[in-house]
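Student: everything below, folded, please.
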Amino acid sequence: MHAHALDNLQYIRETMERAGSFTAVPGWGGVAMGLTAIAAAGAAWRAPSKQAWLAVWLCAGVVAIAVGVLAMRRKSRARGLPLWSAPTRKFVFSFVPPLIAGAALTLALWRADMVNAIPGVWLMLYGTGVITGGAFSVPIVPVMGACFLAEGTLALFVPSLWPPLAWGDFWLAVGFGGLHILFGTIIARRYGG
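Tutor: Below is the predicted model of the structure:
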C-alpha cells in the first residue's frame, strides 16, 4: 500500500511539473546580457573589417549565452527548482531551433556577401525563439519576443545609412541591448531575479 501511494505521488508530481511553466527566465541576467550587447555594439562599430565585426558579435553571443545559463541556474536554485525540468525542456526545445536556423543563415549570408542582412535575421530569429519558448513561460516573455521580431523586420527593411555595418550595430544595440535591459528589468521586478 505504501509503495502504491508513493507511486501515485510521483505520478502527480511529474504531471504537475509537465503542466507547469518555465519560470527561470532570468531578469537580472537579461539586463547583464543587454549590457554585454551594448558593449559589443561599441566594439563592433570600431571593428576594422567585416571579419572583426562578426567576431565581436559572435563572442558577445557566446558571453550572453553563458550569462543567461548561469542566471537561469542561479534563479532555479534560489527557488529550489530543478534547472532541467519538463517546462525547461519545452522552453529549450522551442527556443533553440530558431537559433540553429540563425547560425545557418549567418553562414549563408556571409558567403553571399550580404553581411548587412545579418543583424535583422539575428533579431528576427531570436525573437521567434523567444516567442516559441515563451509559450511555456511567464506572459511577458512572448511579448519580448514579438518586440525582437518587429525590430528585426525594421532592421531588414529600413534603408541603411553609411556605414552599413554601423547601422546594423545600432539595431543590435537597441534589440539585444535595450530590449534585454527593458524586459529583464520587468521580469526581475514582477517575477523575481
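Student: using PDB, write out every CA atom in stretch 175-188.
Tutor: Once side chains and other backbone atoms are set aside, the C-alpha atoms of stretch 175-188 remain, and they are given as PDB (Å, rounded to 0.1, in the frame of the first residue of the first chain):
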ATOM      1  CA  GLY A 175      17.500  45.000 -29.700                       C
ATOM      2  CA  PHE A 176      19.900  42.800 -27.800                       C
ATOM      3  CA  GLY A 177      20.900  45.700 -25.600                       C
ATOM      4  CA  GLY A 178      17.900  47.800 -25.000                       C
ATOM      5  CA  LEU A 179      15.100  45.200 -25.200                       C
ATOM      6  CA  HIS A 180      17.000  42.800 -22.900                       C
ATOM      7  CA  ILE A 181      17.600  45.600 -20.300                       C
ATOM      8  CA  LEU A 182      13.900  46.700 -20.500                       C
ATOM      9  CA  PHE A 183      12.300  43.300 -20.300                       C
ATOM     10  CA  GLY A 184      15.000  42.000 -18.000                       C
ATOM     11  CA  THR A 185      14.100  44.700 -15.500                       C
ATOM     12  CA  ILE A 186      10.400  44.000 -15.900                       C
ATOM     13  CA  ILE A 187      10.900  40.300 -15.400                       C
ATOM     14  CA  ALA A 188      13.100  40.800 -12.400                       C
END
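Student: quick check: buried residues in it?
Tutor: Buried residues in stretch 175-188, defined by neighbour count with 16 or more other Cβ atoms under 10 Å: 175-181, 183-184, 186-188. Every C-beta, even on glycine, is put in place using the N, C-alpha and C of the backbone.
Student: quick one: distance of the longest helix seen in the chain to the chain centre.
Tutor: As far as residue count goes, and with DSSP state H defining each element, the longest helix of the chain is helix 50-78. Relative to its chain's centre, helix 50-78 lies at 9 Å (Cα atoms, centre = their mean, to the nearest Å).
Student: pull out the buried positions in that helix.
Tutor: Of all the residues in helix 50-78, those buried under the rule 16+ other Cβ under 10 Å are 53-54, 56-57, 60-61, 63-64, 67-68, 71-72, 74-76.
Student: tell me how far the residue nearest to Val174 when sequence neighbours are not counted lies from Phe157.
Tutor: Once flanking residues are discounted, Val174 sits nearest to Glu151: 6.5 Å by Cβ to Cβ, 6 or more residues apart in numbering. Remark: distance between Glu151 and Phe157 (Cβ to Cβ, to the nearest Å) = 11 Å.
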